[in-house]
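A.B. asks: this one's sequence-less:
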C-alpha cells in the first residue's frame, strides 16, 4: 500500500515541477547578471564555469528530470505539461517581486489567460486510456 495516494503524488510532483522550473529560471537569470559582458564565446563559457550558481542550475535540471519521469508515470503528457505552464506565471511573479522586473499590462493579461487555460486543462483529469506497448 502506497503511503500517498496517486492523486496526491501527482499533485506534489506537479507542484515540484513548477517550483523547480521557476528556481531554474531565476537562478539562471541571477547567474547571467553576474557574468561580465564579452564578445568571446570561450570567455562567456569560462565565466559560467567559474560561477557556482550554474552548478546549482544543472543540479536543479537533474532534479527536474527525475521529478518529470515520476510525474509522467502518473499522468498523461497532455495533462501534465499544460499544468506546468503555471511556471510562466510563477517566473513572472518572482521576477517582478524579487528581481524588480516590470510587468506590462499585456503580460498580466497573458498570466490570467494561462491560469484560465490551466484550469480548463485540469478539468479533464490526469489520465486517459493508457495504451500498453509490449515489446516482443
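C.D. replies: Good, I have the coordinates. Predicted model only: the values in this text are computed from it and were never measured.
A.B. asks: low pLDDT regions in the protein?
C.D. replies: 1-3, 128-136 (pLDDT under 70).
A.B. asks: Residue nearest the middle of it, spatially speaking?
C.D. replies: residue 21 (2.7 Å; Cα atoms, centre = their mean).
A.B. asks: Name the residues of stretch 21-32 that are buried.
C.D. replies: 21, 22, 23, 24, 25, 26, 27, 28, 29, 31 (16 or more other Cβ atoms under 10 Å). (C-beta placed from N, C-alpha, C; glycine too.)
A.B. asks: Okay, the closest residue to residue 94 other than its chain neighbours and residue 98: tell me how far apart.
C.D. replies: For residue 94, ignoring the flanking residues on the chain, the nearest one in space by Cβ to Cβ, 6 or more residues apart in numbering is residue 26 at 5.5 Å. Applying Cβ to Cβ, to the nearest Å, the value for residue 26 to residue 98 is 7 Å.
A.B. asks: Which residue ranges of the protein form strands?
C.D. replies: Under the criterion DSSP state E, the chain contains no strands.
A.B. asks: Work out the gap between the lengthiest helix in the chain and the centre of the chain.
C.D. replies: Taking DSSP state H as the criterion, the chain has its longest helix at helix 6-33. The chain centre lies 4 Å from the centre of helix 6-33; the measure is Cα atoms, centre = their mean, to the nearest Å.
A.B. asks: number of nearby residues for residue 67?
C.D. replies: A total of 19 residues lie near residue 67 under the criterion other Cβ atoms under 10 Å.
A.B. asks: you'd agree it is up against residue 18?
C.D. replies: No. In this structure residue 67 lies outside contact range of residue 18 using Cβ atoms under 8 Å: 10.2 Å.
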